[in-house]
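>>> need coordinates for the following:
(one chain, ligands or ions: 1)
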Amino acid sequence: MIGVHTLDEFIIRRQSDFPYATGELSRLLRNIALASKIVNREVNKAGLVDILGTTGSTNVQGEEVKKLDILANKTFIASLELGGHCSGVASEENEEFIAFEGSSSVHGKYVVAIDPLDGSSNIDVNVSVGTIFSIYRRISPTGNPCVAEDFLQKGSEQAGSGYVIYGSSTMLVYTTGYGVNGFTLDPSIGEFCLSHQDLKIPSGGKIYSVNTGNFYNFPVGVQNYLTFCKSQGKLTKSPYSSRYIGSMVADIHRNLITGGIYIYPSLEDHPNGKLRLVYECNPLSFIVEQAGGMAIDGVNRILDKKPTELHERTPIFIGSSEMVSKAKEFLDNQS
Ligand code: F6P
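Numbers count the residues shown, from 1 in each chain. Just a heads-up that it's a prediction; the model follows:
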């Protein structure tokens, strides 16, 4: 253990850097980390027990619900409620937000928006999935249950955000607005250990991640940008490589480390694209910006968008700043 920083120790040490911090945000992060270890255990034995497959029902997005989606949802909500520092949760899996009514929860200063198991179509085929979370300071007075407005704040108001990737190893990456740090789970001691301190995304990159099956439904500017990515260019060092896992967390995690752009644009029949602003795009945009990257909806910064609904969708272009800026040039010039 010599020289190893665990997540718990790191969080506590960081908290003491902020003289007025009360420790609630730190404890809330630890509740999330604990829940993610439980989910990790279940994801890892997914092939061994009867937890693969669907429940036979659909969620509010009309998507098929996997058994592990339900388990992850329940685990995170229970951990946040028991922790007592979170006054409510908005989840991809629940149509309405849940306001905790316990005596300590109603005094909790924070609310959490969460996608408990992102990329769940990949669960049954042993491909990385993830959890995405976003933490806000509530704007309603404490002492009463939280309200919808607490969750519908701009992404720039996030107190913290992060993701867990259940991949070849399990990692938790988070920010509280002072840089990004990544922790890898050491299963032998059951602890997340600091492995990626002060993560920075390369300003340029050679990877583009997008579902090109939708190419002919993309706006012309996106089609032109993708043609640019595939073309031979000495100066631009293109063609670039196409890499698309289909788990947003995994695609963004890879691009964060190696440089790259992830795109889920508007589609002809879905002008707001597919991804959800509150619990997918905002938390990942906060991470990527804190790591030095960029995230836009094609026109505006993602973190400046004011959500009006919990499950609203937005197009997103996110990743290395030079690549996102280049994509924006193509979007600006589309006729
Ligand atoms: O619902 C979110 C998500 O599963 C992302 O994790 C992923 O990047 C995307 O949807 C995949 O969507 P599609 O199958 O349309 O490419």
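
>>> up against the ligand, what does the stretch 1-150 of the chain have?
118, 119 (CB under 6 Å from any ligand atom). For every residue, glycine as well, the C-beta is placed using N, CA and C.

>>> okay, and for the stretch 1-150 of the chain, where does confidence drop off?
Residue ranges of the stretch 1-150 of the chain with pLDDT under 70: 1-3, 17-21, 46-66.

>>> which residue ranges of it form helices?
7-15, 24-44, 67-83, 148-151 (DSSP state H, counting those that start in this stretch).

>>> between these, which one is closest to residue 292.
Among those, the nearest to residue 292 by CB to CB is helix 7-15 (19.4 Å).

>>> that older thread, can I get the helices of the stretch 1-150 of the chain in CSV including distance to residue 220 and mean neighbour count?
Formatted as CSV, the helices of the stretch 1-150 of the chain follow (distance: least, CB to CB, whole Å; neighbours: other CB atoms under 10 Å):
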stretch, distance to residue 220, mean neighbour count
helix 7-15, 45, 17
helix 24-44, 40, 20
helix 67-83, 36, 21
helix 148-151, 35, 18
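
>>> could I get the CA-only coordinates of stretch 8-15 as PDB?
C-alpha atoms of stretch 8-15 as PDB (Å, rounded to 0.1, in the frame of the first residue of the first chain):
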ATOM      1  CA  ASP A   8     -11.600   7.900   0.300                       C
ATOM      2  CA  GLU A   9      -8.300   9.300   1.400                       C
ATOM      3  CA  PHE A  10      -8.100  11.600  -1.700                       C
ATOM      4  CA  ILE A  11     -11.600  12.900  -1.100                       C
ATOM      5  CA  ILE A  12     -10.900  13.700   2.500                       C
ATOM      6  CA  ARG A  13      -7.600  15.400   1.700                       C
ATOM      7  CA  ARG A  14      -9.200  17.500  -1.000                       C
ATOM      8  CA  GLN A  15     -12.000  18.500   1.300                       C
END
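
>>> tell me which residues touch residue 102, please.
By CB atoms under 8 Å, 6 or more residues apart in numbering, the contact set of residue 102 is 81, 84.

>>> from residue 310, how far out is it?
Distance of residue 102 to residue 310, given as CB to CB, to the nearest Å: 22 Å.

>>> let me know the outermost residue of the protein.
Taking CA atoms, centre = their mean, the residue of the chain most remote from its mean C-alpha position is residue 234, at 34.3 Å.

>>> so what's the backbone phi/psi at the residue of the stretch 1-150 of the chain found nearest the ligand?
Going by CB to the nearest ligand atom, the ligand is nearest to residue 119 of the stretch 1-150 of the chain, at 3.9 Å. The phi and psi values for residue 119, taken as degrees, to the nearest 10, are phi 80, psi 30.

>>> how about residue 154?
When quoted as degrees, to the nearest 10, the phi and psi of residue 154 stand at phi -60, psi 150.

>>> and it, what does it touch?
303, 304, 305, 306, 307.
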